[in-house]
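Asks: build me a model:
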Amino acid sequence: MKLKSLNISMGIGETSRITGATTTQIRYWEKKGLIHPIRHEEGGNKRYSLKTLTKIIIIKNFIDDGYTLAKAGEMIEAHYQDVDTFRTIVSQRLVGLSHTDNVTRVNLGEIDNDPGFDLVIETRGRNVKVLKRARQD
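Replies: Model prediction:
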């Protein structure tokens, strides 16, 4: 089961306890458009999804590190744009993923300007190598 498919949400009190942000902060960030609650039924209490909880934690960490709310919002937007870009790259280019001998190999397919070769990323712990490998069709 994917985390994204879980329909988990919570009220503002529980959200505050989990994230460390005050209910006042959460309401203000919502008013500023940084976070968006959900409602399960018409006139029901606001609920916050797991994705929104993550966003609240990130905002709070930026503010605790001394960033303004406006700057924290900009940084979060940039982060989500980066994640969307990475998701697009992986969804369009991922050919294979394998794990052997503590090495993870990600094959991103044929190199556009060098047919006959694949772009392969290898990771071993925190070490990352980008390799050009002859295609093995």
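
Asks: what about Val83, distance to Val90?
Replies: Distance of Val83 to Val90, computed by C-beta to C-beta, to the nearest Å: 11 Å. Every residue, glycine included, has its C-beta placed from N, CA and C.

Asks: what segments of this protein are helices?
Replies: 12-19, 23-31, 50-64, 69-93 (DSSP state H).

Asks: start to end distance for stretch 108-117?
Replies: Start-to-end span of stretch 108-117 (C-alpha to C-alpha, to the nearest Å) is 10 Å.

Asks: ok so, going back, same list (the helices of the chain) but as CSV, adding mean pLDDT and mean neighbour count.
Replies: Below are these laid out as CSV (pLDDT from 0 to 100; neighbours: other C-beta atoms under 10 Å):
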stretch, mean pLDDT, mean neighbour count
helix 12-19, 96, 16
helix 23-31, 96, 16
helix 50-64, 95, 17
helix 69-93, 93, 12
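
Asks: and the residue nearest to Thr19 when sequence neighbours are not counted, what is it in contact with?
Replies: Spatially, and ignoring its direct neighbours in sequence, Thr19 is nearest to Ile56 (4.5 Å; C-beta to C-beta, 6 or more residues apart in numbering). Counting by C-beta atoms under 8 Å, 6 or more residues apart in numbering, Ile56 touches Thr15, Thr19, Ala21, Ile26, Trp29, Ile35, Tyr48.

Asks: in this protein, which strand has the most residues?
Replies: strand 114-124 (DSSP state E).

Asks: what is the rounded mean pLDDT of it?
Replies: Regarding strand 114-124, the rounded mean pLDDT is 94.

Asks: in that strand, what counts as buried?
Replies: Applying a neighbour-count criterion of 16 or more other C-beta atoms under 10 Å, the buried positions in strand 114-124 are Asp118, Leu119, Val120.

Asks: mind saving the C-alpha coords of stretch 121-137 as CSV?
Replies: C-alpha atoms of stretch 121-137 as CSV (Å, rounded to 0.1, in the frame of the first residue of the first chain):
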residue,chain,number,x,y,z
ILE,A,121,23.2,6.0,-11.7
GLU,A,122,24.9,3.8,-9.0
THR,A,123,24.6,4.4,-5.3
ARG,A,124,26.5,2.7,-2.5
GLY,A,125,25.4,4.2,0.7
ARG,A,126,25.8,8.0,0.2
ASN,A,127,28.3,7.6,-2.7
VAL,A,128,26.7,8.3,-6.1
LYS,A,129,28.3,7.6,-9.5
VAL,A,130,26.8,8.6,-12.9
LEU,A,131,27.9,6.2,-15.6
LYS,A,132,27.6,5.8,-19.4
ARG,A,133,27.0,2.1,-20.1
ALA,A,134,26.7,0.3,-23.4
ARG,A,135,23.1,-0.7,-24.1
GLN,A,136,22.3,-4.3,-23.4
ASP,A,137,19.2,-4.8,-25.6
